[in-house]
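Trainee: Sharing a model prediction with you, sequence too.
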Amino acid sequence: MYFPSSHDYDVAGCRLYWAEAMEKKADCDLAYHAVIEVPDLPPGQAVLRWEMDYRPPVVAQLLPSGSPSPDVVPTSGEIPFTVDGVVATADRAEPEPGGPLAVTFTPIGTGVIINDCGIDEGIRASCPKNTDVSQARITVPATAVPGDDLKLHWYAVSGPKGEPRRNEGYLRVKIRPLPPAEFDVRGQADTLGPGQPFIAMFRSLTSGVTITGCGLTLGDRSACGASDAAVVMIPPDARSGTTLTIPWDLTYSSTRPGEPTDTATGELHLGIRAEASEMAVTVQPAEAYPGDEVVLTFASLRPRVSIVECLAFFPNDLGGTCQRSPRRWFARTRVPPNAPRGPTLLRWGAASITDGGQPITDSGAFVFTVRARAGKPLVTRQRQFGPPRDADPQPPTFMATSDPEATAPGKAVTVSVAPLTPGVAVVGCTAGFRGAAGSACSDSGGGTWTARPSVPASAGPGDQPLDWHVTWRDTTGRQGRDAGTITYRVSEPDAPPQPAFRVQATPPKARPGEHVTVTHNALDDGVTITGCEAGFSVGGTMAGCRNTGQGWVADVTVPENAPAGTGTVLWNVAYDRAGPSTADGFTRLEVVAAITDPSFWSKLTGIGGRIALGALAFAGFIGYRVVGPRVLERWKQRRARAADLPDDVDVSPLPDAGVFRTDLGAPTREPHPVIRLSPIGGTPRVSLREEPP
Amino acid sequence: MTDESTTVRTIFFDSPEDAVTALGDALRSGAAADEVRGRLGRMPGAAKAAVLGEVGKVAAGVLEMDVTDIFRSAWAKHTALCEAAESSLHDPAGERVVPLATHSVSFEQDPGVAIQVASLPVATVTLHVQLDITVRGLLAVLEAGRLTRVRIGAADFSGALEIAGQPVLERQKSVELRRALRLGSGIQLARRA
């Protein structure tokens, strides 16, 4: 750069320097000509500064202090300057492992032409030859660690032919961090009662992330089984109305690049609600083989409360919904053919309704012992029958009852149909086994119509569909039809089914050390109890029965060490029906830490009164039409959640609990792991260094 | 000499309880803890803590090595001492008192604790013990080829302890060898041909 003098001033001195590299200045020579090299600046805009000292022609000037000399005036300025070269930019700031990345080379400065370019370190890629495209495309290694920097060395050869100039540098891009692994940890219930099992399922929502271990902690930690489900028991003394916080933890492995094995923790919240026991439930028999049938009998314990629906099922089994006979509500289910020997859960639930229309649901689980069957398990198919399809879309509700509950081929069955919807009257009906002609009903009074179809002589033993069809009319003149199916049990001609017994504990709740009265009644005609005994299951002694005239009664003491929760009373009955025989089963008995509502049971006058509660057949059904579907839906939801008990969940009585407290524990992947610590001595290395003599 | 032995553990810790506590703490927190916990992998946190607590106990146990054994190995290589022992064989009834120049002994060992869960090895927690010992003013008594007593002398220990490759502590300690060593019937340094 040349700093010429003019007639207005004389140049006394001058210099050049770069604003980006101020430490290196180029002073002018005697001809006021300065030459400065372009330093190693990144291509692009730079600033070249100049300074000049001059002597103005005017003699008297007031010069600022600090001037180089009294007659010299400094001045300065800037000149924009473009540093030629090439810059490299990535098309994305955060590429993904295995994803594409394009690096574009841009010439800076007029006349700069890129002749060659590419990436030669980190990953190698060249710009395409003989094209105008100055871009190198690479694929980020699939093994690149998310969150880490990817450092690429680039080069570009530019400039006119014969004077090539090489630009190079490093380009850093950040490998896109992985989205956090997500898990779905969900309890199978939002609310449970004290002493009940709480099951939580663990599921990874992130592809490539696998749960390798998990568990819940409620007191002790309960590890997950192979199906990533963990089970803890709600403490029997958990207070109703409180919320339990149940911590969970899991470890996971990942196939996502660079993601290490890690852990995750969280909490589940569970409302505790100790529901009042509403239902007496009797199970027959007390133990069974895989494939065997188990019958549960339900009876409402509250006055003016009627059962509208109930069911029972073993884990991973369809189970059975309730049927009604004049004597009882009952559900037949079967021990799953593949059920392993030992304790399993037998779950039950019942929906009922008060005569005021208030729905009540009650549910529970028994620990049921599966016997070991020698040889192949008996495979029996549980049959489900769909109803006939000639019903109106939204008919009134009817209830059908069959009597007896089972009978042999050729025998007649009494089928009673009654409307549950107020203002609806049956005007005609038929009932018959599927494939056979139906029998016409007759009005038997009280709104109930009755037919007596016979079991076809050709029917084999087992469950057969017994269809009923009804025509109806309501008070508005509307008419319609409805239909339904009873899954009717056909018995062997010479082998009547096992008689049913209702065994009830009074009161149905008791504290440890208290006495309960256990009453045995036969529900089938022709069955006479000849003796019985009952006792608190596990830890209690069997007490003999006495015949009170209203039933066979045993006085059972709840053991002092019985933990609160669902307990059971085991019973054995000797009976006579064309010969002596025996039956056994167990009945629900809630063990409570404190009596919450003693007044209710003190109001009941006797066992017969409670048995009579079951006879309140239709009194409570007035409101059923309104609330019934809601009750059933609620129950179905419960059942759907409860039925998902994992295959590998073990259920076993606590050996030291002494009573029928259940302990649910999913087997860990490493059952009962023994942790062994072994000292390793290591080889000592001793060296000696003597002082020189 | 007394009955109280000097062990590697006493170089680093005042009492066995201190050793268990310090090693347990080191295994439960800090860089060494992270290292070991990482190796324990998917084991639940509470189980890890319990295991590491036990590892601390076992690790403290492996430090109960008597320093006499270290000197036994070292002095068996000491030229002047072995020559004196050789000479003492010629006068079985007498004893020789040998002054030894200041010398150094280095000791290294990598004891550890192998952790197995259900018969499967999941981790090995390794300790690294480094002792640099300077022996000063030693008057050794030799009888019939054996070093039977130390009349006077001191040893300056400089020790470093690592767990899982992570430094845990360093100590310096000086001991009187007369009190520290348990020579019993003596250290055999020379035998009759």
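Mentor: Great, that's in hand. Numbering: from 1, shown residues only, chains lettered A, B, ... in the order given.

Trainee: Could you list the buried residues of stretch B:75-93?
Mentor: Residues B:75-76, B:78, B:80-82, B:84-86, B:88-89 are the ones in stretch B:75-93 that count as buried (16 or more other C-beta atoms under 10 Å in any protein chain shown). C-beta coordinates here come from the backbone N, C-alpha and C atoms, glycine included.

Trainee: what distance separates the longest strand along chain B from the centre of its chain?
Mentor: In chain B, with assignment by DSSP state E, the single longest strand is strand B:120-143. With C-alpha atoms, centre = their mean, to the nearest Å as the basis, strand B:120-143 stands 3 Å off its chain's centre.

Trainee: Within the sheet, what are the partner strands of it, with directions?
Mentor: Sheet partners assigned to strand B:120-143 using DSSP bridges are listed as strand B:96-100 (antiparallel), strand B:103-109 (antiparallel), strand B:112-117 (antiparallel), strand B:146-163 (antiparallel).

Trainee: Determine which of these approaches A:Glu405 most closely.
Mentor: Of all those, strand B:112-117 sits nearest to A:Glu405, with 54.6 Å by C-beta to C-beta.

Trainee: Which ones among the buried residues of stretch B:75-93 also lie next to chain A?
Mentor: Counting by C-beta under 8 Å from any C-beta of the partner chain, B:75, B:78, B:80 from those sit close to chain A.

Trainee: Going by distance to chain A, which of those residues wins?
Mentor: Distances from chain A to these, taken as C-beta to the nearest C-beta, are shortest for B:His78 (6.0 Å).

Trainee: correct me, but that closest one touches A:Glu690?
Mentor: Yes - using C-beta atoms under 8 Å, B:His78 makes contact with A:Glu690 at a distance of 6.5 Å.

Trainee: what do these two both touch?
Mentor: B:His103 (C-beta atoms under 8 Å, 6 or more residues apart in numbering or on different chains).

Trainee: mind checking the SS state of the nearest residue to A:Pro336 once chain neighbours are set aside?
Mentor: Nearest non-adjacent residue to A:Pro336, counting by C-beta to C-beta, 6 or more residues apart in numbering or on different chains: A:Asp317, 4.7 Å away. At A:Asp317 the chain is in coil, as set by DSSP: H, G, I helix; E, B strand; the rest coil.

Trainee: do the same with A:Phe81
Mentor: Relying on three-state DSSP, one would call A:Phe81 strand.

Trainee: tally of neighbours for it?
Mentor: Under the neighbour criterion other C-beta atoms under 10 Å in any protein chain shown, A:Phe81 is assigned a count of 16.

Trainee: In contact with it, which residues?
Mentor: Counted by C-beta under 8 Å, 6+ apart, A:Phe81 has contacts A:38, A:45-48.

Trainee: Just give me the neighbour total for A:Asn167.
Mentor: Using other C-beta under 10 Å as the criterion, A:Asn167 is surrounded by 23 other residues.

Trainee: The closest residue to B:Phe12 other than its chain neighbours sits in which helix or strand?
Mentor: Of all residues not flanking B:Phe12 in the chain, B:Arg171 sits nearest, at 5.1 Å (C-beta to C-beta, 6+ apart). Using DSSP states H and E, B:Arg171 sits within strand B:166-176.

Trainee: who does the next helix or strand after that strand touch, helix- and strand-wise?
Mentor: Sequence-wise, the next helix or strand downstream of strand B:166-176 (DSSP H and E) is helix B:177-180. Using 3 or more C-beta pairs under 8 Å, 6 or more residues apart in numbering or on different chains; DSSP states H and E, the elements in contact with helix B:177-180 are helix B:67-75, strand B:146-163.

Trainee: Could I get the average pLDDT for the longest strand of chain B?
Mentor: The average pLDDT within strand B:120-143 is 83.

Trainee: Quickly note the distance from A:Thr297 to chain B.
Mentor: 44 Å (C-beta to the nearest C-beta, to the nearest Å).

Trainee: which residues touch that residue?
Mentor: A:Thr297 neighbours (C-beta under 8 Å, 6+ apart): A:281-282, A:284, A:328-330, A:500-502, A:523.

Trainee: Now the nearest residue to A:Thr448 once chain neighbours are set aside: which helix or strand?
Mentor: Nearest residue to A:Thr448 in three dimensions, chain neighbours excluded: A:Ala418, at 4.3 Å (C-beta to C-beta, 6+ apart). Per DSSP H and E: A:Ala418 is located in strand A:414-419.

Trainee: contact partners of that strand?
Mentor: Residues from elsewhere that reach strand A:414-419, judged by C-beta under 8 Å, 6+ apart: A:326, A:396-403, A:425-426, A:429, A:431, A:441, A:444, A:446-453, A:466, A:468, A:470, A:472, A:486, A:618.

Trainee: mind running it again at 6 Å?
Mentor: By C-beta atoms under 6 Å, 6 or more residues apart in numbering or on different chains, the residues outside strand A:414-419 that reach it are A:396, A:398-403, A:429, A:431, A:447-452, A:468, A:470.

Trainee: Stretch A:18-28 now?
Mentor: Taking C-beta under 6 Å, 6+ apart as the rule, stretch A:18-28 contacts A:3, A:14-17, A:34, A:36, A:39, A:41, A:46-47, A:49.

Trainee: 8 Å instead, please
Mentor: A:3, A:11, A:13-17, A:34-39, A:41, A:46-49, A:78.

Trainee: Which of the residues you listed fall in strands?
Mentor: If you go by DSSP E, the contacts of stretch A:18-28 have A:11, A:13-17, A:46-49, A:78 in strands.

Trainee: Quick check: which helices or strands does whichever helix or strand A:Val556 is part of pack against?
Mentor: Secondary structure from DSSP H and E places A:Val556 in strand A:552-557. Secondary structure elements in contact with strand A:552-557, counted by 3+ C-beta pairs under 8 Å, 6+ apart, are strand A:515-522, strand A:528-536, strand A:543-547, strand A:565-576.
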